[in-house]
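In: For reference, the sequence and a predicted model appear below.
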Amino acid sequence: MRNIFISRTIISLILICFTATSIAQYTNVQISSTGASVSEPSICINPQNPDQLVAGSNLNKYYISEDGGYTWSMNSLSSPQYGVWGDPVIIVDTAGDFYFFHLSNPAVGNWIDRIVCQKYNWEQSTWSDGTYMGLNGTKAQDKEWAVVDSATNTIHVTWTQFDEYGTSNPNKFSNIHYSKSTDAGETWSEAVQINEVSGNCVDSDETTEGAVPTMGPDGEIYVAWSGPEGIVFDKSIDGGNTWLDEDIFINSQPGGWDYNISGIYRANGLPITCCDISNSPNRGTIYVNWTDQRNGEDDTDVWLAKSTDGGNTWSDAIRVNDDHIGNQQFFSWMTIDQKTGELLFVFYDRRHYDDTQTDVYMARSSDGGETFENIRISDSPFLPNSNVFFGDYTNITAYNGIVRPIWARADGMNMSIWTAIVDPTTGFNEPLIVAPISLEQNYPNPFTESTYLAYKVRRTSAVTLKVRDIYGRTIATLINNEFMSPGKYTERFESEKYDLPSGVYYYTLHVGNFSEKQKMILLD
Ligand SMILES: [Ca+2]
Ligand SMILES: [Ca+2]
Ligand SMILES: [Ca+2]
Ligand SMILES: [Ca+2]
């Protein structure tokens, strides 16, 4: 009795240690209340006062932090004339003033008939009633993003105009539109179309969407979007007056920007464009980040392409997530810390699970997108429900090593908005906690009658090894919570014992809350 008691105590202590060290890397902060509808967050830090952050989420929530993101107030934004209809975008200008851009639902007019901009007064804690751009009869103005020129304080906005939102009518088109304000959001220039090739109005792969503008070091405006030609690039070198007649191809997007992720209402891989305007060695390099399913519908990945010649030519797609094949990564966003030139990404990630449990990861590149460190930032996974609208994006902001990603959690029907405190003092440069186990690719693979599964145990721990089918059903439990010492082990999996059909199977090694998964293929 006594021995059993002692060893159980040791096991418990070990499990607690794994839970504490392998998952909780950064403090997670819940920004919103928990509810059915909060999603699609945007966040922005004030470089002149990094204690000031503003965030927004669907449909009309805004969040204010005055202490660097540790605590937040939550309120509802209203615009009596123009309405507030989601797609929040938060930016800050050179005077330190924040803006909230969103879609409209006006008192007089049509649903989403314009892009609205409201400006925050920090001293009075109030928003302006709003100004707008893009009004064009009954046409729909959607999915905007904005950027501030740090030299002139001009605000540039790009978005998608639908001739008629959601129609499959072949005579209705989607186009990328552009407007600017040279008076801090008081007035907006007449919208102009900048794309060469139009899309359809379905709001799917063949629709032009995802125009997120960025500034170059000499006031260039750069923007990329997805659509019928894949991901294409446009630029203006005269402050938005003229744009390329012939847009430049960046990369194909196999499967399109609209793809399915189990457990998620809808998912997209629309591109994010950033340019390094820091004094890093990569100053002037333009980066475009997106996700797609070129590696299969069960293997969405995060991609990056870059240009070092002002967008004229582009690199091949570089994979940002560093896991083994066969896992879902989706909804990425990218920013550049313009103090350091570091690239920072946030995305959802299922590399540790066979089911739809979802973590949030960050990736960081300090060498201009050549290599990436990946790290889990959510302190627990969530299990989403595909019946609940999950939004269309995540977001991330950074200044001088202070990084604040923002994401939506979906715990079943309950949505909530979160950030993580990623500061220089808790940064990526700290030694990473070595995983307690590692799992190797089976051999042989593919296999017919049997295969060998090899793995390492780095710390004495209770280990479970399971084989599952593509539906997540357990086929075999090869090791069931056995206490194992450090070392390398091999298990033989004899598929003939289980009378299995040929196809894809997964095997997963679990220690406490930590797990690793690999894919294997059984042939007839
Ligand atoms: Ca949206
Ligand atoms: Ca163009
Ligand atoms: Ca698609
Ligand atoms: Ca993947």
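Out: The structure has been received and is ready for your questions. Ligands and ions are numbered 1, 2, ... in the order given.

In: State the distance from residue 138 to ligand 2.
Out: 25 Å (Cβ to the ion, to the nearest Å). Any C-beta I mention is one placed from the backbone N, CA and C, and that applies to glycine too.

In: Ok, residue 454 next?
Out: Counting by Cβ to the ion, the gap from residue 454 to ligand 2 is 53 Å.

In: where does that residue land in three-state SS?
Out: Classification of residue 454 by DSSP: H, G, I helix; E, B strand; the rest coil places it in strand.

In: wait, it sits on residue 445?
Out: No: assessed by Cβ atoms under 8 Å, residue 454 is found out of contact with residue 445, at 11.5 Å.

In: where do the strands sit along the stretch 51-200 of the chain?
Out: 53-57, 61-65, 73-76, 89-92, 98-103, 115-121, 126-127, 131-133, 140-148, 155-162, 174-181, 192-193 (DSSP state E, counting those that start in this stretch).

In: how big is the angle separating the longest one from strand 155-162?
Out: Spelled out, it's strand 140-148. Angle of strand 140-148 versus strand 155-162, following axes from the mean of the first three to the mean of the last three Cα atoms, to 10 degrees, is 160 degrees.

In: heads up, I number from 658, so please use that
Out: OK, 658 is where the count begins now, so the last one is strand 797-805.

In: So which elements touch strand 797-805?
Out: strand 746-749, strand 755-760, strand 772-778, strand 812-819, strand 871-872 (3 or more Cβ pairs under 8 Å, 6 or more residues apart in numbering; DSSP states H and E).

In: Return the residues in contact with the spatially most central residue of the chain.
Out: Nearest residue to the geometric centre of the chain (Cα atoms, centre = their mean): residue 989, 2.4 Å. Neighbour list for residue 989: 926, 929, 946, 947, 948, 959, 977, 1002, 1003, 1004, 1051 [criterion: Cβ atoms under 8 Å, 6 or more residues apart in numbering].

In: who wins for proximity to residue 1018 among the strands of the stretch 708-857 of the chain?
Out: Residue 1018 sits nearest to strand 710-714 of all those, at 19.6 Å, using Cβ to Cβ.

In: Any idea which of the helices and strands packed on strand 797-805 gets closest to ligand 3?
Out: In terms of Cβ to the ion, the element of the helices and strands packed on strand 797-805 nearest to ligand 3 is strand 812-819, at 16.8 Å.

In: Number of residues surrounding the residue lying closest to residue 685 once chain neighbours are set aside?
Out: Among residues not flanking residue 685 along the chain, residue 1036 sits closest, at 4.7 Å (Cβ to Cβ, 6 or more residues apart in numbering). Residue neighbour count, defined by other Cβ atoms under 10 Å, stands at 17 for residue 1036.

In: And for residue 1098?
Out: The tally of other residues near residue 1098 (other Cβ under 10 Å) stands at 13.

In: pLDDT score assigned to it?
Out: Residue 1098 is assigned a predicted lDDT (pLDDT) of 86.

In: wait, isn't it in contact with residue 1174?
Out: No: assessed by Cβ under 8 Å, residue 1098 is found out of contact with residue 1174, at 11.4 Å.

In: Mutual contacts of these two, please.
Out: Common neighbours of residue 1098 and residue 1174, using Cβ under 8 Å, 6+ apart, are residue 981.

In: and the nearest residue to residue 885 once chain neighbours are set aside, what pLDDT?
Out: Nearest residue to residue 885, sequence neighbours excluded (Cβ to Cβ, 6+ apart): residue 863, at 4.7 Å. As predicted, residue 863 sits at a pLDDT of 98.

In: what about residue 863, which SS state?
Out: Using three-state DSSP, the secondary structure recorded for residue 863 is coil.

In: I'd like the distance between it and residue 945.
Out: Separation of residue 863 from residue 945 (Cβ to Cβ, to the nearest Å): 19 Å.

In: State the helix or strand in which the residue of the stretch 958-1107 of the chain found nearest ligand 3 lies.
Out: When scored by Cβ to the ion, the stretch 958-1107 of the chain has residue 987 as its residue closest to ligand 3, at 12.6 Å. Element membership of residue 987, judged by DSSP states H and E, is strand 986-994.

In: Each with direction, which strands does that strand pair with?
Out: strand 999-1006 (antiparallel) (DSSP bridges).

In: elements contacting the helix or strand following the strand it pairs with?
Out: For strand 999-1006, the following helix or strand on the C-terminal side (DSSP H and E) is strand 1016-1022. Here strand 1016-1022 touches strand 999-1006, strand 1030-1033, strand 1059-1068, strand 1071-1077, going by 3+ Cβ pairs under 8 Å, 6+ apart.

In: got a list of what the residue in the stretch 708-857 of the chain that ligand 4 sits nearest to touches?
Out: In the stretch 708-857 of the chain, the residue that lies nearest ligand 4 is residue 800 (24.7 Å; Cβ to the ion). Residues near residue 800 by Cβ under 8 Å, 6+ apart: 744, 816, 817, 866, 867, 868, 927, 1049.

In: how near is the nearest residue to residue 1017 once chain neighbours are set aside to residue 1067?
Out: Distance criterion Cβ to Cβ, 6+ apart; nearest residue to residue 1017, sequence neighbours excluded, is residue 1035 at 3.9 Å. Separation of residue 1035 from residue 1067 (Cβ to Cβ) stands at 12 Å.

In: List the contacts of stretch 947-956.
Out: Stretch 947-956 is contacted by residues 867, 883, 888, 908-914, 916-917, 926-929, 957-960, 974, 982-989, 1004, 1127 when judged by Cβ under 8 Å, 6+ apart.

In: Report the separation between the two terminal residues of it.
Out: One end of stretch 947-956 to the other measures 14 Å (Cα to Cα, to the nearest Å).

In: Now do the buried residues in it.
Out: Under the neighbour-count criterion of 16 or more other Cβ atoms under 10 Å, stretch 947-956 has 947, 948, 949, 950, 951, 955, 956 buried.

In: same thing with stretch 746-761?
Out: By neighbour count on 16+ other Cβ under 10 Å, the buried set for stretch 746-761 is 746-750, 754-761.

In: Now do that stretch: distance to the chain's middle.
Out: Stretch 746-761 sits 20 Å away from the centroid of its parent chain (Cα atoms, centre = their mean, to the nearest Å).

In: Whether that stretch contacts ligand 1 - can you check?
Out: No: using Cβ under 5 Å from the ion, stretch 746-761 stays clear of ligand 1, coming no nearer than 7.8 Å.

In: Using CSV, write down the CA coordinates of that stretch.
Out: Extracted as CSV, the C-alpha positions of stretch 746-761 are listed here (Å, rounded to 0.1, in the frame of the first residue of the first chain):
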residue,chain,number,x,y,z
VAL,A,746,-10.3,47.1,-37.9
ILE,A,747,-8.4,49.1,-35.3
ILE,A,748,-5.5,51.3,-36.3
VAL,A,749,-3.6,54.2,-34.5
ASP,A,750,-2.3,57.3,-36.3
THR,A,751,0.9,59.3,-35.7
ALA,A,752,-0.9,61.6,-33.2
GLY,A,753,-1.7,58.5,-31.1
ASP,A,754,-5.4,58.6,-32.0
PHE,A,755,-7.2,55.3,-32.6
TYR,A,756,-9.7,54.5,-35.3
PHE,A,757,-12.3,51.8,-35.6
PHE,A,758,-13.3,50.9,-39.1
HIS,A,759,-16.3,48.6,-39.7
LEU,A,760,-19.2,47.7,-42.1
SER,A,761,-22.5,49.6,-42.0
